[in-house]
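K.L.:
Have a look; sequence and predicted model below, questions after that.
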Amino acid sequence: MVNRHNYQFCFGPWNLSEGQDPYGPTTRPPQTFDWKLDQLKKLGFDAIMLHDDDAVPDIDGKADAQIRKEARELRKKLSDAGVIAEMVAPRLWFSPMTIDGAYTSNDPQCRKYAIDRSLRSIDIANYLGTDILVLWLAREGTYLRESKNGRRSVDLLVEAFDKMLAHDKGIRLAIEPKPNEPMDQAYLPTIGHALAIAQLTRDQKRVGCLIESAHAILAVLDPADEIDFAMAFGKLWSLHLNDQNGLKFDQDKPFGSANLRVAFNQVRALEHNGYGKKGEYVCFDVHPFRPTKIDHWLAHLDNSRKTFLRLVEKARTFDDKQAQQLIADRNYSALDQLVLNHLMGK
Ligand code: GLO
Ligand code: MG
């Protein structure tokens with residue numbers, strides 16, 4: 001039942017964050033991209049996730065030729081460091097052109113901006129040698145229901161995805177659902193929504209998903225079930241493991257930090273489905289706690305990976321035979337305790 005293989009790990013430059021929150025300034029000094037890449041290497045991670053403007057800063061002010069030049073230079077820098085680019089994601093939530101949404105904005109100029117920028121991100125993905133474009137649809141949703149036409153928004157999303165799929169016959173779109181924050185209600189809140197909308201596009205085979213643990217928890221779903229569901233379709237192309245303590249702002253806690261059992265079940269689902277065997281990476285979308293000192297700046301990433309690997313061992317050594325007997329006897333109390341004892345080391 002258990003597929004034994006090694007996992008490959010990844011994070012993004014934004015995961016070495018400075019501690020700003022809506023109520024106060026940063027608590028750690030800004031660092032350069034090169035410094036972050038060095039830390040990634042130092043920690044022994046294999047790949048880096050990149051927003052389009054992590055790869056090419058100030059992208060909106062640059063001509064295509066300049067973007068190509070900078071992206072190619074970055075590819076060389078990454079390859080010198082022995083790191084690959086896992087994905088590129090258009091950052092469609094900072095620009096004044098995406099204040100009222102990107103692909104689903106009510107303003108046609110803004111919608112055009114969002115699509116043009118996404119096509120540029122696809123070009124960057126090509127220059128960097130990855131075929132995954134991650135779409136976290138941060139501003140595709142509503143603060144108030146009456147401000148947008150929900151049905152039309154679905155059509156607009158499909159139209160945007162179709163333009164991306166047509167732009168490059170090799171690109172795969174990995175939709176990263178999140179039910180809320182920054183929006184009150186997002187249009188694609190769950191993996192079910194992401195995989196359903198794929199069916200409406202011109203090439204559903206190239207529209208898949210990325211699961212983030214915290215986003216599933218915010219949707220009141222079990223991330224392990226989301227993993228099983230996506231992998232039943234062969235569509236889990238990337239992963240943002242982290243943790244979340246209940247229904248509040250997106251916390252991006254270290255993996256396993258809030259609920260070790262939920263983390264264990266995610267790892268079990270990945271193991272059972274053979275995640276990683278087709279080259280998929282385990283990425284951590286985690287942030288340091290705001291009070292974290294500079295000296296401890298990398299610990300949340302290192303700890304997340306350590307916890308993940310220990311849970312892989314726990315998944316591989318779980319007594320499945322005994323579990324099956326208890327399941328056959330419908331002795332779920334004993335099954336519950338079997339899991340707890342296993343996690344507690346007894
Ligand atoms: C925020 C998201 C965000 C994305 C990243 C990649 O809630 O998790 O961190 O994963 O921007 O698009
Ligand atoms: Mg994420």
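P.N.:
Right, received. Where do you want to start? Ligands and ions are numbered 1, 2, ... in the order given.
K.L.:
gap between residue 281 and residue 13?
P.N.:
Separation of residue 281 from residue 13 (C-beta to C-beta, to the nearest Å) stands at 15 Å. (Each C-beta comes from the backbone N, C-alpha and C, glycine too.)
K.L.:
Tell me which of the two has more neighbours.
P.N.:
The residue with more neighbours, out of residue 281 and residue 13, is residue 281; 23 against 20, by other C-beta atoms under 10 Å.
K.L.:
wait, doesn't that one sit right on residue 237?
P.N.:
No - contact criterion C-beta atoms under 8 Å: residue 281 and residue 237 do not qualify, at 9.5 Å.
K.L.:
what mean pLDDT does the host helix or strand of residue 120 have?
P.N.:
Using DSSP states H and E, residue 120 maps to helix 108-128. The pLDDT scores in helix 108-128 average 98.
K.L.:
Quick one: check stretch 280-287 for contact with ligand 1.
P.N.:
Yes - using C-beta under 6 Å from any ligand atom, stretch 280-287 reaches ligand 1 at residue 285.
K.L.:
Counting by contacts, list what the helix holding residue 120 packs against.
P.N.:
Where contact means 3 or more C-beta pairs under 8 Å, 6 or more residues apart in numbering; DSSP states H and E, helix 108-128 is packed against helix 52-55, helix 64-81, strand 84-89, strand 132-136, helix 150-167.
K.L.:
who's in contact with the shortest one?
P.N.:
Applying C-beta atoms under 8 Å, 6 or more residues apart in numbering, the set of residues contacting helix 52-55 from outside is 12-14, 33, 59, 70-71, 74, 85, 88-91, 117, 120-121, 124, 128.
K.L.:
try 7 Å
P.N.:
13, 33, 59, 71, 74, 88-91, 120-121, 124, 128 (C-beta atoms under 7 Å, 6 or more residues apart in numbering).
K.L.:
next one: it to chain centre, how far?
P.N.:
How far helix 52-55 lies from its chain's middle: 16 Å, per C-alpha atoms, centre = their mean, to the nearest Å.
K.L.:
next one: stretch 279-291
P.N.:
On the basis of C-alpha atoms, centre = their mean, stretch 279-291 sits 9 Å off its chain's mean C-alpha point.
K.L.:
and that stretch with ligand 2, contact?
P.N.:
Yes - applying C-beta under 5 Å from the ion, one finds stretch 279-291 touching ligand 2 at residue 285.
K.L.:
What does the pLDDT read for the closest residue to residue 304 other than its chain neighbours?
P.N.:
Distances taken as C-beta to C-beta, 6 or more residues apart in numbering place residue 255 nearest to residue 304, at 4.0 Å, with adjacent residues excluded. The score at residue 255 is 99. That number is its pLDDT.
K.L.:
mind listing the strands in the chain by residue range?
P.N.:
Ranges of strands in the chain, per DSSP state E, are 9-11, 47-51, 84-89, 132-136, 141-142, 172-176, 185-186, 207-212, 236-241, 282-284.
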